[in-house]
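>>> what follows is a predicted protein model with its sequence.
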Amino acid sequence: MENITILIDYLSKILEAIGVMIIVLGSIFFLFKFAVTLFKEAPDRYKLLRQDLGKTILLGLEILVAADIIHTVITDPEISQVLALGVIVLIRTFLSLSLQVELEGRFPWQKISV
């Protein structure tokens, strides 16, 4: 059982690293893509940059939340750790929700207007 706990702990750390790498590498990639479009006629380049960066951050945040939950579940959590996780998940969920609203102009549960 101890080996499984260690394995899952490593998995949560790997997920954290993947989440951070997605945010960092995605940001670098899309900023480079934006810089290339500065020399071309692209009227929507700023909007596209915001959407691409927003999607990158959303994906990274979702993976980070999953890593936090996995890490807290496998350890023997104290009430302070559970409360800290709750606050972190609330903050990241609020950030994800606000980013999605800004990117799509609607809440996820709203129907797409045609």
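Nice, I can see it.
>>> which neighbouring elements make contact with the worst-scoring helix or strand of the chain on mean pLDDT?
None of the helices or strands of the chain scores lower by mean pLDDT, DSSP states H and E than helix 79-104, at a mean of 82. Applying 3 or more Cβ pairs under 8 Å, 6 or more residues apart in numbering; DSSP states H and E, one finds that helix 79-104 contacts helix 45-74. C-beta: built from backbone N, CA, C; applies to glycine.
>>> what comes up buried for the helix it packs on?
Residues 45, 49, 52-54, 56-61, 63-65, 67-68, 70-72, 74 are the ones in helix 45-74 that count as buried (16 or more other Cβ atoms under 10 Å).
>>> does residue 66 really touch residue 16, like I thought?
No. Using Cβ atoms under 8 Å, residue 66 makes no contact with residue 16, being 9.4 Å away.
>>> okay, buried residues for the lengthiest helix in the chain please.
For the chain, the helix that runs over the most residues, judged by DSSP state H, is helix 2-37. Judged by neighbour count using 16+ other Cβ under 10 Å, the buried positions of helix 2-37 are 12, 15, 16, 18, 19, 22, 23, 26, 30, 34.
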